[in-house]
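>>> Sequence and predicted structure are below.
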Amino acid sequence: MSEAPRDKERVTALGTLLPRIDDHSAVVGVVGLGYVGLPFAVEKAKVGFRVLGVEQNPERAAKVNHGENYIRDVNDNELRELVAKGMIRADTGFDGVAEMDVIVLCVPTPLTRNLPPELSYVEGVTEEIAKRLRPGQLVSLESTTYPGTTEELMLPILERSGLEADRDFYLVHSPERVDPGNKRYTTKNTTKVLGAVGPNSLEAGRAFYTQTIEQVVPLSSAKAAELVKVFENTFRAVNIALVNELALLCDRMDLNVWEVLEAAFTKPFGIMPFWPGPGVGGHCIPLDPHYLEWKAKGLNFNTHFIALAGEINRKMPEFVRDKAHRVLNELGLAPSRAKILALGVAYKKDSEDARESPAVEVIELLQRDGAEIVYHDPHVSALREGNLAMESQPLTSELVSSQDLVLILTDHSEIDYGWVASHAKHVLDTRNATKGVQEHRERITLL
Ligand code: SAJ
């Protein structure tokens, strides 16, 4: 156990760090170079911070060191130039931690339904940092997690170093707000929330984040910041579930849910657009609200909205399967022998990510019923999710016209849905992707 630094060192710790942040001579560590960490690293390097990445995946670390981009939201040339100038480097280990003035954790916090959150990445990384922690360092957790992680899990581990939080080192939580593919809101112009374990940490965190982010909102604690993030995603999950439930009701009432919602969203205040779909995918919305549910249960509190939202959203793939059966029966075709083209399998529009995509469950359900499924997705060339091992088929008129049903599961922008409708026998559109198609409407059924 290292000796706690003398009072003099403690007093100057913040005094040493702040000027280095202000003149950008501080070295910034980014642990986890994924869809959050790599854009973050580029943003910091662009304003002159030297960035040391820690990426456990050796292929990714090697790609970064060769200036090769693998994250869509990162500009290839920017990364290449920053690496060439020595502003960004990636290691697979933690030897560089002592050199870092700021250490930002952007590691996965996976959550499997109904089980406690899996925080082994956060814990493991924090332990590696604690072994090398020195006075004056700022540690920030950006990963989405249950309220309490920073103060209850990370702080005690870091203090095993003998250093004291908010005196010798600084600890904050600033949740990432990356919306993959969003061209309007980037890391730089998306307001950032910041919570800290004490006033010195808040000052250090604010000094750091305001270097590259236009607006930073300080909160009273790290726990409050953790709850803000989980609430944001719970807000989305609950509202998506609300419109999905409306879709189920409209189906029974023989009403067009898209017409009803489009009309509702003409109201200029007090409402915001959400749309039904084949389910909720990605690694945030389906899972993040369950951090809150898990934490609340530990406090003997039931978060009914979260449970209900999850239940409804998880029902949607089966509803799509049932609706496909109904459409095929109306066409006089047996679902068990139908040929179906799934159009779009990514978890959301214009994404190349099929993780947790509802399309996977829909395809598996239809395959289990005996249907013969192929898919086309311009962004997903191979589908290796769940029990599936499929390749994207070229979207040709022969392919489309040879199918009994075209099932639109993701509404990618570059598909010409009018062209698809002109060659298809029938289309089941779960995303209202064909809303601009005037002709052949009789061949199109909407969710
Ligand atoms: N979805 C619907 N209907 C909607 C909106 C979304 O069915 O009205 C579906 C999508 O198709 C997708 C899923 O829900 O399958 C999630 O979509 P999303 O865009 O909410 O989720 P992510 O994971 O791409 O990004 C979200 C961010 N999105 C927005 O704020 C618009 C934000 O919540 C977080 O910054 C991010 O998750 C995260 O990393 O937490």
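That came in fine, so what should we check first? Residues are numbered from 1 along each chain as shown.
>>> Name all residues that make contact with the nearest residue to residue 14 once chain neighbours are set aside.
Nearest non-adjacent residue to residue 14, counting by C-beta to C-beta, 6 or more residues apart in numbering: residue 200, 5.2 Å away. All C-beta spots, glycine's among them, are computed from the backbone N, C-alpha and C. By C-beta atoms under 8 Å, 6 or more residues apart in numbering, residue 200 lies in contact with 14, 166-167, 170.
>>> again, only using 6 Å
14, 166, 170 (C-beta atoms under 6 Å, 6 or more residues apart in numbering).
>>> Which of these sits closest to residue 342?
residue 170 (49.2 Å; C-beta to C-beta).
>>> What's opposite that closest one in the beta bridge?
residue 138 (DSSP bridges).
>>> do residue 89 as well
With DSSP bridges as the rule, residue 89 is bridged to residue 52.
>>> Distance of it relative to residue 211?
Distance from residue 89 to residue 211, counting by C-beta to C-beta, to the nearest Å: 20 Å.
>>> now residue 133
Counting by C-beta to C-beta, the gap from residue 133 to residue 211 is 22 Å.
>>> Name the residue in those two with the higher neighbour count.
residue 133 (24 against 19; other C-beta atoms under 10 Å).
>>> pLDDT wise, what is that one at?
Looking at residue 133, its pLDDT stands at 97.
>>> about what we covered before: three-state assignment of the residue nearest to residue 14?
Under the three-state scheme (DSSP: H, G, I helix; E, B strand; the rest coil), residue 200 adopts helix.
>>> can you list the residues of the stretch 301-447 of the chain near the ligand?
Contact residues (C-beta under 6 Å from any ligand atom) of the stretch 301-447 of the chain with the ligand: 347-348.
>>> Where does the stretch 301-447 of the chain get nearest to the ligand, residue-wise?
residue 348 (3.7 Å; C-beta to the nearest ligand atom).
>>> what comes into contact with stretch 41-54?
Residues contacting stretch 41-54 (C-beta under 6 Å, 6+ apart): 24, 27-31, 33, 64, 74, 78-79, 82, 87-91, 96, 187, 211-212.
>>> returning to what we had before: which one of the contacts of residue 200 has the most neighbours?
residue 170 (28 neighbours).
>>> Could you measure from that one over to residue 140?
9 Å.
>>> again, but for residue 407
Taking C-beta to C-beta, one finds residue 407 at 43 Å from residue 140.
>>> And residue 285, by the same measure?
23 Å.
>>> of these two, who's got more company?
residue 140 (26 against 21).
>>> Need the mean per-residue confidence for the host helix or strand of the more buried one.
In this assignment (DSSP states H and E), residue 140 forms part of strand 138-141. Strand 138-141 comes out with an average pLDDT of 98.
>>> Could you do stretch 417-431 as well?
On average, stretch 417-431 scores 98.
>>> how far does that stretch sit from the chain's center?
30 Å (C-alpha atoms, centre = their mean, to the nearest Å).
>>> tell me which residues of that stretch are tucked away?
417, 420-421, 423-424, 426-431 (16 or more other C-beta atoms under 10 Å).
>>> what do you get for stretch 403-422?
403-412, 415, 417, 420-421.
>>> can you check stretch 374-388 too?
Result for stretch 374-388 [16+ other C-beta under 10 Å]: buried residues 374-380, 383, 385, 388.
>>> first vs last residue of that stretch, how far apart are they?
11 Å (C-alpha to C-alpha, to the nearest Å).
>>> contact partners of it?
With contacts defined as C-beta under 6 Å, 6+ apart, stretch 374-388 is touched by 341-346, 352, 354, 360, 364, 390-393, 395, 412, 414.
>>> What of stretch 428-439?
258, 277-278, 320, 324, 327, 407-409, 411, 417-418, 421, 444-447.
>>> again, 7 Å this time
258, 277-278, 320, 323-324, 327, 405, 407-411, 417-418, 421-422, 427, 444-447 (C-beta atoms under 7 Å, 6 or more residues apart in numbering).
>>> Just give me how far it sits from the chain centre.
For stretch 428-439, the distance to the chain centre is 27 Å (C-alpha atoms, centre = their mean).
>>> Then stretch 386-406?
On C-alpha atoms, centre = their mean, the centre of stretch 386-406 falls 28 Å from the chain's centre.
>>> now for the strand holding residue 140, which elements pack on it?
Applying 3 or more C-beta pairs under 7 Å, 6 or more residues apart in numbering; DSSP states H and E, one finds that strand 138-141 contacts strand 102-105, strand 170-173, helix 199-209.
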